[in-house]
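Enquirer: Show me how the following folds:
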Amino acid sequence: MIVTQEIGKVYLVGAGPGDAAYLTVKAYNLLAAAQVLVYDALVDAQLLQCVPDNCLKLDVGKRGGKPSTSQAEINKLLVNHCLQGKQVVRLKSGDPLIFGRCTSEIEALKASGCDFELVPGISSALAAPLLAGIPLTDPVLSRCFAVFTAHEPEVLDWEALSRLETLVILMGGQHLPEIVHQLVRYGRSHLTPIAIIRWAGTPDQQIWIAQLGNIVEQTTELSLSPAVIVIGEVVGLRKYLQPEKIDDQNSTTAKTLSPPAMLSNFPQSPLALTGKTILVTRSVGQSSQFSDRLMALGATVIEMPTLEIGPPSSWEDLDNAIAHLSEFDWLILTSTNGIDYFFERLIAQGKDTRALAGVKIAVVGEKTAHSLKQHSLQADFIPPNFVADSLVENFPEKLDGKKVLFPRVESGGREVLVKELTVKGAKVIEVAAYQSCCPNSIPPAAELALQNGKVDVITFASSKTVQFFCQLTNHIFSSNYNANASQFLEGVCIASIGPQTSKTCHVLFGRVDVEAEEYTLDGLTKALIIWAKNS
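Expert: Residues are numbered from 1 along each chain as shown. Have a look, this model is predicted:
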């Protein structure tokens, strides 16, 4: 037998200007399949969530004045992992070939016979001016522009640069006084407009607009890194290209523009959540549709899985119930998880939906009903208020003598529902269909945002996500800040999808700031829009 070793490959990928929303589709797909991720300091922490759980993540970012991985070590890492047959993503901010130090890495890969591919990204030199509303070209004011770094200002030809209409400067924050001095020295007017865009394309974006003659004074003792500097008359066009008046010294940009279809249910401004950073707690592996809605409204979203769903400790009770489905009058399903695992076991027992021919089905919530439709079944009853505890009150027929099957989470819950069904005369058979547990860790992006006070809103779509969020965070806050989660999150908006989730929030946080009127993710989105408008 001939054993062939898997061939590795290194992808040198541009991550864009900062925010994960500006990542290319190809770059996203490569991250989703990466076995090794080697990333730089300015890469958005949210991108670390795009890779598989078993991906090896290596931070090799170069930070000025701080210990950092040498270029020789980075080259060696790329070569070694590639030769081991790994799919390696070398993630660089901006575009990999625009001041990305790729030449050395490519030479090392070629010398070792490693396969590699370059994947372009949006350079901050182009994105930052655009996101600040500054055009780099204009038929009258700017027929050309130059991009350069001012990391070593002494080696630049300032006389030649000063004659160009528009200048875009990277890595120039620390040398701003020298930049101004050299340009004025070689003939640029001290009235020439200048813009400094810091942390472009992120919630922390800041913009300073001034003139060469007063910009140094205005930014004295301020941190201007990482920043893109634009110099030229085109900076003056910004005020004509902005959709509305904004604060230049604390300007934020929308994460992404909103496709009309995504916002058809929201008549408010499509950027109603601009400037808000929202931490979305959810199940591991859950769809990001809710996050996409929030991002389409201008929010910066950080996802934090706080719930892991898996099979129950034993299938015995559910399998036994499935074997006797014909004896039941009703099947009650209160979650998409319950549906997924119920039908998984139905198929495992050699049956299909025909086994439910004589059983009526009640579901709680539109999302659960939609999940049921994926199995080509229509719910016989959906309570109007989207909560399980309203099911009995609105039940379409008398329950006396009815036998009801209720597949649920192994840890229990819905006690009120079961009690009320029983009081009405139903015989309820509860069986464990799945179990939920707390993840082992917090994603780095979520932990950093919480610790640095960057979160404006935390959303909860179930009581379990509230409980597990506190379980995941209490040890962090108590050990580092001598506080529990509720104390540390004072000032952060707590947003709940409905009454049951709100009850748990009141118990663990002592408050709820936003509760959806309609107990769906669309309802929660609308509630957040109203909150943002009022706040």
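Enquirer: Distance of residue 396 relative to residue 12?
Expert: Between residue 396 and residue 12 the distance is 61 Å, computed by CB to CB, to the nearest Å. To be clear about C-beta, it is placed using only N, CA and C from the backbone, and glycine gets the same treatment.
Enquirer: Only C-alpha atoms, please: export the one helix or strand residue 507 maps to in PDB.
Expert: Taking DSSP states H and E as the criterion, residue 507 maps to helix 499-509. Coordinates of each C-alpha in helix 499-509 appear next as PDB, following Å, rounded to 0.1, in the frame of the first residue of the first chain:
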ATOM      1  CA  PRO A 499     -41.100  37.400  29.600                       C
ATOM      2  CA  GLN A 500     -39.500  34.100  30.500                       C
ATOM      3  CA  THR A 501     -36.100  35.300  29.500                       C
ATOM      4  CA  SER A 502     -36.700  38.600  31.300                       C
ATOM      5  CA  LYS A 503     -37.500  36.800  34.600                       C
ATOM      6  CA  THR A 504     -34.100  35.100  34.500                       C
ATOM      7  CA  CYS A 505     -32.500  38.500  33.700                       C
ATOM      8  CA  HIS A 506     -34.200  40.100  36.700                       C
ATOM      9  CA  VAL A 507     -33.000  37.300  38.900                       C
ATOM     10  CA  LEU A 508     -29.300  37.400  37.800                       C
ATOM     11  CA  PHE A 509     -28.900  41.000  36.700                       C
END
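Enquirer: List the buried residues in that helix.
Expert: Going by neighbour count (16 or more other CB atoms under 10 Å), the buried part of helix 499-509 is 500, 501, 502, 504, 505, 508, 509.
Enquirer: Next up, the contacts around residue 178.
Expert: By CB atoms under 8 Å, 6 or more residues apart in numbering, the contact set of residue 178 is 150, 153.
Enquirer: scratch that, residue 213 is what I was asking about
Expert: So residue 213 contacts 184, 190, 191 (CB under 8 Å, 6+ apart).
Enquirer: who wins for most neighbours among the residues you listed?
Expert: Neighbours were tallied for each of those (criterion: other CB atoms under 10 Å), and the maximum of 15 neighbours falls on residue 184.
Enquirer: I'd like the distance between that residue and residue 213.
Expert: Using CB to CB, one obtains 8 Å as the distance from residue 184 to residue 213.
Enquirer: got any residues that touch both of the two?
Expert: With CB under 8 Å, 6+ apart, residue 184 and residue 213 have common neighbours residue 190.
Enquirer: Let me know the next secondary structure element after the longest helix anywhere in the chain.
Expert: Longest helix in the chain, counting residues (DSSP state H): helix 463-481. Counting by DSSP H and E, the element after helix 463-481 in chain order, helix or strand, is helix 485-488.
Enquirer: which helices and strands sit right next to that next one?
Expert: Contacts of helix 485-488 with other secondary structure elements, assessed using 3 or more CB pairs under 8 Å, 6 or more residues apart in numbering; DSSP states H and E, are made with helix 463-481, helix 499-509.
Enquirer: which other residues reach the helix or strand just after the shortest one?
Expert: Read that as helix 499-509. Reading on from helix 499-509 to the C-terminus, the next helix or strand found by DSSP H and E is strand 514-515. Residues outside strand 514-515 that contact it (CB under 8 Å, 6+ apart) are 457, 493-499, 502, 524, 527-528, 531.
Enquirer: quick one: strand 514-515 to chain centroid distance?
Expert: In terms of CA atoms, centre = their mean, to the nearest Å, the centre of strand 514-515 is found 21 Å from the chain centre.
Enquirer: do stretch 305-315 as well
Expert: Relative to the chain's own centre, stretch 305-315 is displaced by 23 Å; criterion: CA atoms, centre = their mean.
Enquirer: Only alpha carbons, please: show that stretch as CSV.
Expert: The C-alpha atoms that make up stretch 305-315 are tabulated as CSV, following Å, rounded to 0.1, in the frame of the first residue of the first chain:
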residue,chain,number,x,y,z
PRO,A,305,-21.9,31.3,22.0
THR,A,306,-23.3,30.7,25.5
LEU,A,307,-25.2,27.4,24.9
GLU,A,308,-24.1,24.0,23.5
ILE,A,309,-26.8,21.6,22.3
GLY,A,310,-26.2,17.9,22.2
PRO,A,311,-28.0,14.6,22.5
PRO,A,312,-29.5,13.5,25.8
SER,A,313,-27.7,11.1,28.1
SER,A,314,-30.1,8.4,27.0
TRP,A,315,-32.4,8.0,24.0
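Enquirer: tell me which residues in it are buried?
Expert: 305, 306, 307, 309, 312, 315.
Enquirer: three-state assignment of residue 12?
Expert: With DSSP: H, G, I helix; E, B strand; the rest coil as the basis, residue 12 sits in strand.
Enquirer: okay, now it: neighbour count?
Expert: 24.
Enquirer: Do I have it right that it meets residue 114?
Expert: No: under the criterion of CB atoms under 8 Å, residue 12 is not in contact with residue 114, lying 11.3 Å apart.
Enquirer: possible to save the helices and strands packed on helix 485-488 as JSON lines with mean pLDDT?
Expert: Putting the helices and strands packed on helix 485-488 into JSON lines (pLDDT from 0 to 100) gives the following:
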{"stretch": "helix 463-481", "mean pLDDT": "82"}
{"stretch": "helix 499-509", "mean pLDDT": "93"}
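Enquirer: top of the contacts of strand 514-515 by neighbour count?
Expert: When neighbours are counted by other CB under 10 Å, residue 496 leads the contacts of strand 514-515 with 29 neighbours.
Enquirer: Per-residue pLDDT of that residue, please?
Expert: Listed pLDDT for residue 496 reads 96.
Enquirer: In contact with the residue nearest to it when sequence neighbours are not counted, which residues?
Expert: Computed as CB to CB, 6 or more residues apart in numbering, the closest residue to residue 496 that is not its neighbour in sequence is residue 502, at 4.3 Å. If you count contacts by CB under 8 Å, 6+ apart, residue 502 has them with 496, 512, 515.
Enquirer: Identify, from the residues you listed, the entry nearest to residue 157.
Expert: Proximity of the contacts of residue 502 to residue 157, judged by CB to CB, is greatest for residue 496, which lies at 60.4 Å.
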